[in-house]
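[1] Quick one, fold the following:
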Amino acid sequence: MAIIMDGNGRWARQKNLPKSFGYQKGIKSAQCIIKYSKKLGVEYLTLYAFSLENWQRPKDEIAKLMDMFREYLKKDIEKLIAEDIRIIFIGDHSKLDEDIKIAMKSAEDRSSQNSFCLVIAMSYGARDEITRSILKFNEKHNKESVNKNNIEELFESIINPHQIPNPDLLIRTSGEKRLSNFLLWQIAYTELYFTSKCWPDFEKQDLLDAIDNFNKRERKYGK
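    Numbers count the residues shown, from 1 in each chain. Model prediction:
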């Protein structure tokens, strides 16, 4: 399952609160949904935390978001690791401060043997992911080793080094109906579910509603 956690700022504006309050409430919602997903038997959950496009936001807003992420790595991530949750970060992390990258690597290493897998898309963009994977592909494979029968499998091994299954269900909150450059390679046959609720208001029942809607669909995979 994958979730675009949209609407934190909108939630704050609706309540005449600073934008940071929306992000703080969104973090609490994320913790709740992560733990509940594990309880429901979901094996992989990917959350869109911060996109490459988000770097274009005002510098003071980015600074606050990075400070929140630091705090999340210190406290909330530790709680998840203690509850048998594996952490994987995807994205282009070159723009992140060194202390953040070190903390992310530490969380991945210390949780690598845990069962439930939480994938956090941080400084992530799907087109960027595909572009970087193409460059790696060209470095790794020569023309003689590639043919029309194996090229997709070989490319998959590069774009998905952790062997994360493609999501069955993608949820987006806040009423927007677009993908926003998220997991474009991975969601070729993923079912999409949109809700008007802003992410800070997304609760356990909303997740159950999305899963129930998914279970009523017939997946044909183009057949």
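
[2] In contact with the residue nearest to the spatial centre of the chain, which residues are there?
    The centroid of the chain falls nearest to residue 47 when counting by CA atoms, centre = their mean (2.6 Å). By CB atoms under 8 Å, 6 or more residues apart in numbering, the contact set of residue 47 is 2, 3, 5, 30, 34, 118, 119, 120, 121. (C-beta placed from N, C-alpha, C; glycine too.)

[3] ok, so of the residues you listed, who is nearest residue 98?
    Nearest to residue 98 out of the contacts of residue 47 is residue 120 (CB to CB; 18.2 Å).

[4] quick revisit: dump the contacts of residue 47 to TSV, plus pLDDT and secondary structure.
    TSV is the format used below for the contacts of residue 47 (pLDDT from 0 to 100; DSSP: H, G, I helix; E, B strand; the rest coil):
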residue	pLDDT	secondary structure
2	98	strand
3	98	strand
5	98	coil
30	97	helix
34	98	helix
118	98	strand
119	98	strand
120	98	strand
121	98	strand
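
[5] Filter those residues down to the buried ones and hand me the PyMOL line.
    PyMOL command restricting the contacts of residue 47 to the buried ones, with burial defined by 16 or more other CB atoms under 10 Å:
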select buried, resi 2+3+5+30+34+118+119+120+121
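
[6] Check the contacts of residue 47 and tell me the two furthest apart.
    So, the contacts of residue 47 by CB to CB: farthest apart are 34 and 121, at 13.9 Å.

[7] Give me the neighbour count for residue 223.
    For residue 223, the count of nearby residues is 4 (other CB atoms under 10 Å).

[8] And it, how far from residue 5?
    Look at residue 223 and residue 5: by CB to CB, to the nearest Å, they are 32 Å apart.

[9] Could you list the low-pLDDT ranges of this protein?
    Scanning the chain with the threshold set as pLDDT under 70 gives 144.

[10] Can you show me the helices along it?
    Along the chain, counting by DSSP state H, helices occupy 8-14, 19-40, 59-74, 76-82, 98-110, 126-140, 151-159, 204-215.

[11] Just put these in CSV and tack on distance to residue 167.
    Converted to CSV, the helices of the chain look like this (distance: least, CB to CB, whole Å):
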stretch, distance to residue 167
helix 8-14, 21
helix 19-40, 12
helix 59-74, 22
helix 76-82, 19
helix 98-110, 20
helix 126-140, 13
helix 151-159, 14
helix 204-215, 11
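
[12] Out of those, which is closest to residue 172?
    Closest approach to residue 172 among these is made by helix 204-215 (10.1 Å; CB to CB).

[13] Could you figure out how far that closest one is turned away from helix 19-40?
    Helix 204-215 and helix 19-40 are oriented at 60 degrees to each other (axes from the mean of the first three to the mean of the last three CA atoms, to 10 degrees).

[14] Put the alpha carbons of helix 204-215 into CSV.
    The C-alpha coordinates for helix 204-215 follow below in CSV (Å, rounded to 0.1, in the frame of the first residue of the first chain):
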residue,chain,number,x,y,z
LYS,A,204,-8.3,4.2,11.2
GLN,A,205,-11.8,4.0,9.8
ASP,A,206,-10.8,6.0,6.7
LEU,A,207,-8.1,3.4,6.1
LEU,A,208,-10.6,0.6,6.5
ASP,A,209,-13.0,2.4,4.1
ALA,A,210,-10.2,2.6,1.5
ILE,A,211,-9.3,-1.1,1.9
ASP,A,212,-13.0,-2.1,1.8
ASN,A,213,-13.4,-0.1,-1.5
PHE,A,214,-10.3,-1.9,-2.9
ASN,A,215,-11.5,-5.3,-1.9
